[in-house]
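Enquirer: With the sequence up front, the predicted model follows.
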Amino acid sequence: MTAMQPTIIRLQNLSKTYGNGENAVHALNDINLDIKQGEIFGVIGLSGAGKSTLVRCINYLERPTAGEVFVNEQELGQLSQAELNRARQSIGMIFQQFNLLMQKTALENICFPLEIAKTPKKQAVQRAQELLEMVGLADKTNSYPSQLSGGQKQRVAIARALATNPKVLLCDEATSALDPASTRSILSLLKSINEKLGITIVIITHEMSVIEEICQRVALIDKSRIAECGEVREIFAHPNSDIAKSFVFPRQQAVKAMLNKNCVRVIYDGQSSFEPVIANMILQFKQPVNIIFANSKNIDGKAFGQIVLQLPDDMPTAAKMLQYLRMQGLNAEEITANDNWEVNAQ
Amino acid sequence: MSTEVMMNILSSETITTLYLTLVSTFFAYLLGLPLGIILILTDKDGIHPNRPINVCLGIIINILRSVPFLILMVWMIPFTRMMVGTITGNRGIIVPLVVAAAPFVARMVESSIKEVDHGVIEAAQSMGAPTSKIITKVMLGEARPSLLVGFAITVTTILGYTAMAGFCGGGGLGKVAVNYGYYKYQDDILNLAVILLVILVQIFQEAGTRLARKFDKRL
């Protein structure tokens, strides 16, 4: 469905270099990305991969060294400062540290972008109150940020970012400073905003769980470049790049320690989980397999399971088992301890 | 000297001190506040980095700040005469007071605004805020408690300067202390002048601190 939608954000041959000569740091290298109207798009990478720079190029908080940024069919590099400021009013942004005005109430914080947009005061207050209601903080109108919890602060920040009815909402590690419960509630708020308002959301994160929970498509940034980009389900099922594997594979150190030869990672979705595939396989081959790891995930609203199995040492049997699993329509890939598990620096 | 005369002198000179202090503070902020903001904006991490302006302004401020007030006052005599036509009296003293205090204010304002979280400024930029709004609403708004503390420190510093100006033709409690205490060895009036200065400093400092606390919504 998203493929049918028009592109709202287009990054073309985008590069950003800090400093010059020998000390130059290439934060972004030849990034090409199309984000469709109305989708929730994730950008994931380890710290220092350049993802924060990437999101700041989308609203020109960072000026790219080369390449073009199109938002709402405007090339931001062509705009004067005043035009850029106007363009920014249709690109909302929220931050890891919320970045609320600490000396202003929740209501005043939400009125601030409206004041910048020269909305009449009375209208602005009314709009701010509606937004506070929408994010579930109608009773916190006159609270100062210091009186709010992290999750509540982020809700105020979301309301503030939505005040001027932007078409795009950029989220820079918006849940990284929150506890798991607040993270979930903020993510579901973002999802409902996306559904209700049709706003395009770009989510920058280093946590795969965030991507899995609400994103439809994802770009994986590694060493300043896009290593892989596509549907989240697709990448979960068939990670190609090292960085994708490192984010998708079970990340526990213990799993890594147990990995031996003949290990396979089996992915199944909600439909295939009704068949007792593994049990049937053991019955058929009369050979035991070792279950090293298993979990299930909800990826973009669909249930996925993954199991890491250790097949018998006997190579021909192992190969047949692998074939059997594939015949059942499951995704099965051999993995080894060398499969770049080290990238899991987090 | 009768007690009555002494009290008359002290009360009228206290008013002169207050007058000199507040008028000088007003003009010092009129000059120093924009200078402090320019320092912040043109800083290499500021929102309009401009190294030449930042460095030049920094050097001028440092030079003015390094000359002790008494020497600055003497050094400025030709300038003061040109500006207000005299070098004594309230008018003659306010000029060097402002020139000495403005760079001090600039540094105070600079350090207060530096405390404002850069992320909040970035957030305002992401909303499309023009520089004028960032200055008034984000920088000055968010730094308000710190600016008030700085204001109290500035007022007490300028109060100290007015007392020094008593040596060079300035009026106020400093003059009382110099004329009666230093030249005539009248310890009683000297002590009273000192006590009054201490009380004034306490009042300004306490008021500033309280205002800052009252206005700080981070607590």
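Expert: Good, I have the coordinates. It should be emphasised that the depicted structure is a prediction, and the values quoted were computed from it without experimental measurement. Residues are numbered from 1 along each chain as shown, chains lettered A, B, ... in the order given.
Enquirer: Sort out which residues of the top helix by length along chain B are buried, please.
Expert: Counting residues, the longest helix found in chain B (DSSP state H) is helix B:3-42. Buried residues in helix B:3-42, counted by 16 or more other C-beta atoms under 10 Å in any protein chain shown: B:6, B:9-10, B:13-14, B:16-18, B:20-21, B:23-25, B:27-29, B:31-33, B:35-42. From N, CA and C alone the C-beta is placed, and that goes for glycine too.
Enquirer: could you pick out which of those residues are near chain A?
Expert: Contacts with chain A within the buried residues of helix B:3-42, counted by C-beta under 8 Å from any C-beta of the partner chain: none were found.
Enquirer: How about residues contacting stretch A:160-168?
Expert: Outside stretch A:160-168, the residues that touch it by C-beta atoms under 8 Å, 6 or more residues apart in numbering or on different chains are A:8-9, A:37, A:58, A:71-72, A:89-94, A:100, A:109-114, A:117, A:124, A:127-128, A:131, A:134, A:169, A:193, A:197, A:199-202, B:127.
Enquirer: Just the buried ones from those residues, in ChimeraX syntax?
Expert: Per 16+ other C-beta under 10 Å, the buried members of the contacts of stretch A:160-168 correspond to this ChimeraX selection:
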select /A:8,9,37,58,71,89,90,91,92,93,94,100,109,110,111,112,113,114,117,124,127,128,131,134,169,193,197,199,200,201,202 /B:127
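Enquirer: Sort out for me which of the contacts of stretch A:160-168 are in helices.
Expert: A:58, A:109-114, A:124, A:127-128, A:131, A:134, A:193, A:197.
Enquirer: could these go into TSV alongside distance to chain B and pLDDT?
Expert: Shown next, in TSV, are these (distance: C-beta to the nearest C-beta, whole Å; pLDDT from 0 to 100):
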residue	distance to chain B	pLDDT
A:58	10	96
A:109	10	97
A:110	11	97
A:111	11	97
A:112	7	97
A:113	4	97
A:114	9	97
A:124	13	96
A:127	14	96
A:128	14	97
A:131	14	96
A:134	18	94
A:193	17	95
A:197	18	93
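Enquirer: Can you tell me which of those residues is closest to residue B:58?
Expert: residue A:112 (31.4 Å; C-beta to C-beta).
Enquirer: hang on, that closest one packs against residue A:101?
Expert: Yes: look at residue A:112 against residue A:101 with C-beta atoms under 8 Å: they come within range, at 6.6 Å.
Enquirer: Tell me the buried residues in stretch B:121-137?
Expert: In stretch B:121-137, counting by 16+ other C-beta under 10 Å, buried: B:121-129, B:131, B:133-135, B:137.
Enquirer: Which members of the residues you listed define the maximum pairwise distance?
Expert: B:126 and B:135 (16.7 Å).
Enquirer: secondary structure element for the spatially most central residue of chain B?
Expert: With distances taken as C-alpha atoms, centre = their mean, residue B:154 lies nearest the centre of chain B, 3.9 Å away. Per DSSP states H and E: residue B:154 is located in helix B:144-165.
Enquirer: Could I get the CA-only coordinates of that helix as CSV?
Expert: Extracted in CSV, the C-alpha atoms of helix B:144-165 (Å, rounded to 0.1, in the frame of the first residue of the first chain):
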residue,chain,number,x,y,z
ARG,B,144,15.5,34.3,33.5
PRO,B,145,16.3,32.9,37.0
SER,B,146,20.0,33.0,36.2
LEU,B,147,19.7,36.5,34.7
LEU,B,148,18.0,37.7,37.9
VAL,B,149,20.8,36.3,40.1
GLY,B,150,23.3,38.0,37.7
PHE,B,151,21.3,41.2,38.1
ALA,B,152,21.6,41.1,41.8
ILE,B,153,25.4,40.5,41.6
THR,B,154,25.7,43.4,39.1
VAL,B,155,23.8,45.8,41.3
THR,B,156,25.9,45.1,44.3
THR,B,157,29.1,45.4,42.2
ILE,B,158,28.0,48.7,40.8
LEU,B,159,27.1,49.8,44.4
GLY,B,160,30.7,49.0,45.3
TYR,B,161,31.9,51.1,42.3
THR,B,162,29.8,54.1,43.4
ALA,B,163,31.6,54.0,46.8
MET,B,164,35.0,54.0,45.1
ALA,B,165,33.8,56.9,42.9
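Enquirer: wait, does that helix contact chain A?
Expert: Yes: contact of helix B:144-165 with chain A (C-beta under 8 Å from any C-beta) involves B:144, B:145.
Enquirer: what angle do that helix and helix B:3-42 make?
Expert: 130 degrees (axes from the mean of the first three to the mean of the last three C-alpha atoms, to 10 degrees).
Enquirer: looking just at contacts, which helices and strands does helix B:144-165 meet?
Expert: Packing contacts for helix B:144-165, counted by 3 or more C-beta pairs under 8 Å, 6 or more residues apart in numbering or on different chains; DSSP states H and E, involve helix B:3-42, helix B:69-75, helix B:89-114, helix B:173-176, helix B:187-215.
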